[in-house]
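Colleague: Can you look at this prediction? I've put the sequence above it.
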Amino acid sequence: MTGTPGTAATRDGEAPERSPPCGPSHDLTGKVMLLGDSGVGKTCLLIRFRDGAFLSGTFIATVGIDFRNKVVTVDGVRVKLQIWDTAGQERFRSVTHAYYRDAQGKGLWHGATPQPAWLTEIHEYAQRDVVIMLLGNKADVSSERVIRSEDGEMLAREYGVPFMETSAKTGMNVELAFLAIAKELKYRAGRQADEPSFQIRDYVESQKKRPSCCSFL
Ligand SMILES: Nc1nc2c(ncn2[C@@H]2O[C@H](COP(=O)(O)OP(=O)(O)OP(=O)(O)O)[C@@H](O)[C@H]2O)c(=O)[nH]1
Ligand SMILES: [Mg+2]
């Protein structure tokens, strides 16, 4: 869908993209960016989604920007998500801004408190019709979870974006977060005549799991 930086690049251990004899491996491509403060779990969410594993142990902050591809099938359409994992540290901000322009989907992951500043950044640097999703990661950590959830819901309502809590540790809602973006991109790419309209916020609300709760209730 876009000529994005790195589209033709290959990673260590990742084969260069070639079409198999029977046709291309996907029907459309979308670029997704993960944004948020350092340590909120962006890289872990990507690894959970891509490889089904959790990176526990020593925290290694991302330097600059990195990407992984994953093809998902939504409603019979294969969508290649090119997922850009940005560094949350302030000193890399100018590097990551350069990549905003071509992204169709963005995930904002927040740890303890929602960060409206990231939404302001997206509006400043990204395309107008970018798909934004607000995620509250580390939902498996019980402390302050409910407060976080309420804050997240409120911020999401204010900005008109979907919100869900995720956990890279348990996998909760991780697949859904990426699939919802893939569905939206597929819907935008070409709606069939008999296809019902797709509202990403309604879809997320109907599908998301809520953290099983709460020690003080
Ligand atoms: N309990 C719990 N810990 C998590 C979760 N996600 C990430 N972590 C931990 O949080 C720390 C930071 O995770 P990263 O994914 O590296 O954070 P990041 O957002 O990529 O940070 P930067 O690359 O600096 O922007 C690591 O120690 C992870 O093990 C989660 O869902 N639950
Ligand atoms: Mg990282």
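Modeller: It's in. Residues are numbered from 1 along each chain as shown. Ligands and ions are numbered 1, 2, ... in the order given.
Colleague: ok, then the element right after the lowest-mean-pLDDT helix or strand in the chain?
Modeller: Here the helix or strand of the chain ranked lowest by mean pLDDT, DSSP states H and E is strand 105-110, holding a mean of 59. Sequence order places helix 116-125 as the next helix or strand after strand 105-110, per DSSP states H and E.
Colleague: Between helix 116-125 and whichever helix or strand comes after that following helix, find me the angle.
Modeller: Downstream of helix 116-125, the next assigned helix or strand under DSSP H and E is strand 131-136. Interaxial angle of strand 131-136 relative to helix 116-125 (axes from the mean of the first three to the mean of the last three C-alpha atoms, to 10 degrees): 170 degrees.
Colleague: pLDDT (mean, whole number) over strand 131-136?
Modeller: Regarding strand 131-136, the rounded mean pLDDT is 89.
Colleague: Contact residues of this structure facing ligand 2?
Modeller: For the chain, the residues in contact with ligand 2 (C-beta under 5 Å from the ion) are 42-43, 62. The C-beta positions use only the backbone N, C-alpha and C, and glycine is treated the same way.
Colleague: and ligand 1, which of those residues reach it?
Modeller: Counting by C-beta under 6 Å from any ligand atom, 42-43, 62 from those sit close to ligand 1.
Colleague: I figured Arg101 hits Arg128, correct?
Modeller: No: the pair Arg101 and Arg128 fails to qualify as a contact (C-beta atoms under 8 Å) at a distance of 11.0 Å.
Colleague: more neighbours, these two?
Modeller: Taking other C-beta atoms under 10 Å, Arg101 and Arg128 do not tie; Arg101 has more neighbours (14 against 5).
Colleague: Distance check, that one against ligand 1.
Modeller: 20 Å (C-beta to the nearest ligand atom, to the nearest Å).
Colleague: Equivalent analysis for Gly171, please.
Modeller: Relative to ligand 1, and taking C-beta to the nearest ligand atom, Gly171 is found at 9 Å.
Colleague: from the residues of the chain next to ligand 2, which is closest to Ser25?
Modeller: If you rank the residues of the chain next to ligand 2 by distance to Ser25 using C-beta to C-beta, Thr43 comes first, at 24.8 Å.
Colleague: To what extent is the closest one buried, counted in neighbours?
Modeller: Residues near Thr43, counting by other C-beta under 10 Å: 23.
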